[in-house]
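Chemist: show me how the following folds:
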Amino acid sequence: QVQLVESGGGLVQPGVSLRLSCAASRMIASIDTMGWYRQVSGKQRELVAVITRGGSTNYANSVKGRFTISRDNAKNTVYLQMNSLKPEDTAVYYCNADRVERGILYRDWGQGTQVTVSS
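Modeler: From the prediction side, this is the model:
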């Protein structure tokens, strides 16, 4: 199991930037894919951004050009840089780690961090 701890959420005004961090309990270089998801109360959790072990990235259309996912293998940490925040970005943001071992997919989640964008 991979333990994930998110940090960096908060209440911000529209247009500003925020950076989320996700610290993992094991070497993220060994994890196939790490990502950020978000969830609004009463709605399904949705993908925000993912990054593979090889460094490939993928983003939800709603955040392309504004958010950037990155990973620091030396610190076992994944980041989500969020720029030009909008009220519709308000959600609980969850860090995710997916790894395949002996053909079995293991999926771990952090506890989530609240991001609120409001004037």
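
Chemist: what average pLDDT does stretch 40-49 get?
Modeler: Averaged over stretch 40-49, pLDDT sits at 96.

Chemist: before we move on, what about stretch 85-102?
Modeler: 96.

Chemist: any idea how far that stretch is from the chain center?
Modeler: Centre-to-centre, stretch 85-102 and its host chain are 4 Å apart (CA atoms, centre = their mean, to the nearest Å).

Chemist: how about it, which residues are buried there?
Modeler: Residues 85, 89-99 are the ones in stretch 85-102 that count as buried (16 or more other CB atoms under 10 Å). Heads up, the C-betas are built off the backbone N, CA and C, glycines and all.

Chemist: who's the most centrally placed residue in the chain bridged to?
Modeler: Nearest to the geometric centre of the chain sits W36, at 2.2 Å (CA atoms, centre = their mean). The partner list for W36 in beta bridges (DSSP bridges) reads A49, C95.

Chemist: check it and give its pLDDT.
Modeler: Looking at W36, its pLDDT is 98.

Chemist: got a list of what it touches?
Modeler: When contacts are counted by CB atoms under 8 Å, 6 or more residues apart in numbering, W36 is found next to 20, 22, 48-50, 69, 78, 80, 93-96.

Chemist: repeat that for S62.
Modeler: E88.

Chemist: just I69 next, same as before
Modeler: Here I69 is in contact with 35-36, 48-51, 57, 59, 78-81 (CB under 8 Å, 6+ apart).

Chemist: how about TSV for the residues you listed, with distance to G112 added?
Modeler: Below are the contacts of I69 laid out as TSV (distance: CB to CB, whole Å):
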residue	distance to G112
G35	13
W36	11
V48	12
A49	16
V50	17
I51	19
T57	21
Y59	19
V78	14
Y79	16
L80	13
Q81	18
